[in-house]
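Participant: missing the sequence, but the structure's below:
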(Lines give C-alpha, C1' and ligand atoms only; values in the text may rest on other atoms or scores of the structure.)
Protein backbone atom coordinates (compact mmCIF):
# COMPACT_ATOMS: atom_id res chain seq x y z
CA UNK A 1 0.00 0.00 0.00
CA UNK A 2 1.15 3.51 -0.75
CA UNK A 3 0.28 6.61 1.22
CA UNK A 4 0.79 10.20 0.20
CA UNK A 5 0.73 12.82 2.94
CA UNK A 6 0.33 16.48 2.04
CA UNK A 7 1.43 18.76 4.89
CA UNK A 8 0.71 22.49 4.80
CA UNK A 9 0.58 25.38 7.20
CA UNK A 10 -2.73 26.02 8.92
CA UNK A 11 -4.73 29.05 7.81
CA UNK A 12 -3.54 32.17 9.59
CA UNK A 13 0.04 30.93 10.08
CA UNK A 14 2.63 33.23 8.47
CA UNK A 15 4.45 31.62 5.55
CA UNK A 16 7.62 33.68 4.86
CA UNK A 17 8.83 31.22 2.21
CA UNK A 18 5.50 31.43 0.41
CA UNK A 19 5.59 35.24 0.59
CA UNK A 20 9.10 35.29 -0.90
CA UNK A 21 8.01 33.04 -3.79
CA UNK A 22 4.86 35.12 -4.39
CA UNK A 23 6.97 38.29 -4.47
CA UNK A 24 9.46 36.75 -6.89
CA UNK A 25 6.67 35.56 -9.17
CA UNK A 26 5.22 39.07 -9.21
CA UNK A 27 8.60 40.53 -10.16
CA UNK A 28 8.82 37.97 -12.98
CA UNK A 29 5.57 39.21 -14.48
CA UNK A 30 3.14 36.68 -12.99
CA UNK A 31 0.84 39.41 -11.69
CA UNK A 32 -2.13 37.04 -11.38
CA UNK A 33 -0.57 35.33 -8.33
CA UNK A 34 -2.38 36.47 -5.19
CA UNK A 35 -0.76 34.20 -2.59
CA UNK A 36 1.59 31.23 -2.32
CA UNK A 37 1.69 28.67 0.48
CA UNK A 38 4.61 26.26 0.67
CA UNK A 39 4.12 22.73 2.00
CA UNK A 40 5.57 19.29 1.62
CA UNK A 41 4.53 15.93 0.17
CA UNK A 42 5.64 12.74 1.87
CA UNK A 43 5.28 9.42 0.05
CA UNK A 44 5.24 6.29 2.20
CA UNK A 45 5.27 2.69 1.00
CA UNK A 46 3.65 0.35 3.52
CA UNK A 47 3.48 -3.42 3.70
CA UNK A 48 0.36 -4.80 2.01
CA UNK A 49 -2.47 -6.13 4.14
CA UNK A 50 -2.25 -3.69 7.04
CA UNK A 51 -5.86 -3.43 8.26
CA UNK A 52 -5.51 -0.02 9.91
CA UNK A 53 -3.05 1.59 7.47
CA UNK A 54 -4.73 5.01 7.44
CA UNK A 55 -4.83 5.06 11.24
CA UNK A 56 -1.12 4.19 11.37
CA UNK A 57 -0.21 6.89 8.85
CA UNK A 58 -2.30 9.41 10.82
CA UNK A 59 -0.32 8.49 13.94
CA UNK A 60 2.92 9.03 12.00
CA UNK A 61 1.70 12.46 10.93
CA UNK A 62 0.70 13.46 14.44
CA UNK A 63 3.93 12.22 16.02
CA UNK A 64 6.69 13.12 13.56
CA UNK A 65 5.68 14.07 10.00
CA UNK A 66 3.89 17.31 10.89
CA UNK A 67 3.80 19.92 13.63
CA UNK A 68 0.16 19.82 14.78
CA UNK A 69 0.45 23.28 16.34
CA UNK A 70 1.01 25.06 13.01
CA UNK A 71 0.46 22.44 10.29
CA UNK A 72 -2.41 20.43 8.89
CA UNK A 73 -2.17 17.26 6.81
CA UNK A 74 -4.20 15.26 4.31
CA UNK A 75 -3.66 11.54 3.67
CA UNK A 76 -4.30 9.73 0.39
CA UNK A 77 -3.89 5.95 0.26
CA UNK A 78 -3.90 3.51 -2.63
CA UNK A 79 -3.20 -0.17 -3.02
CA UNK A 80 0.17 -0.93 -4.62
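Facilitator: Perfect, I can see it now. None of these values were measured; they are calculated from a predicted model.

Participant: For burial, what's the neighbour tally of residue 41?
Facilitator: By other Cβ atoms under 10 Å, 10 other residues sit near residue 41. No exception for glycine: its C-beta is placed from N, CA and C like everyone else's.

Participant: Kindly indicate whether it is helix, strand or coil.
Facilitator: strand (DSSP: H, G, I helix; E, B strand; the rest coil).

Participant: so what's the residue nearest to residue 72 when sequence neighbours are not counted up against?
Facilitator: In this structure, residue 72 finds its nearest non-sequential neighbour in residue 10, 5.2 Å apart by Cβ to Cβ, 6 or more residues apart in numbering. Neighbouring residues of residue 10 by Cβ atoms under 8 Å, 6 or more residues apart in numbering: 70-72.

Participant: Which pLDDT does the model give residue 10?
Facilitator: Each residue has a pLDDT score; the one for residue 10 is 97.

Participant: what does the longest helix along the chain rub up against?
Facilitator: Scanning the chain for the longest helix, with DSSP state H as the assignment, gives helix 16-27. For helix 16-27, the external contacting residues (Cβ under 8 Å, 6+ apart) are 9, 33-38.

Participant: For those residues, which two are the farthest from each other?
Facilitator: 9 and 33 (17.3 Å; Cβ to Cβ).
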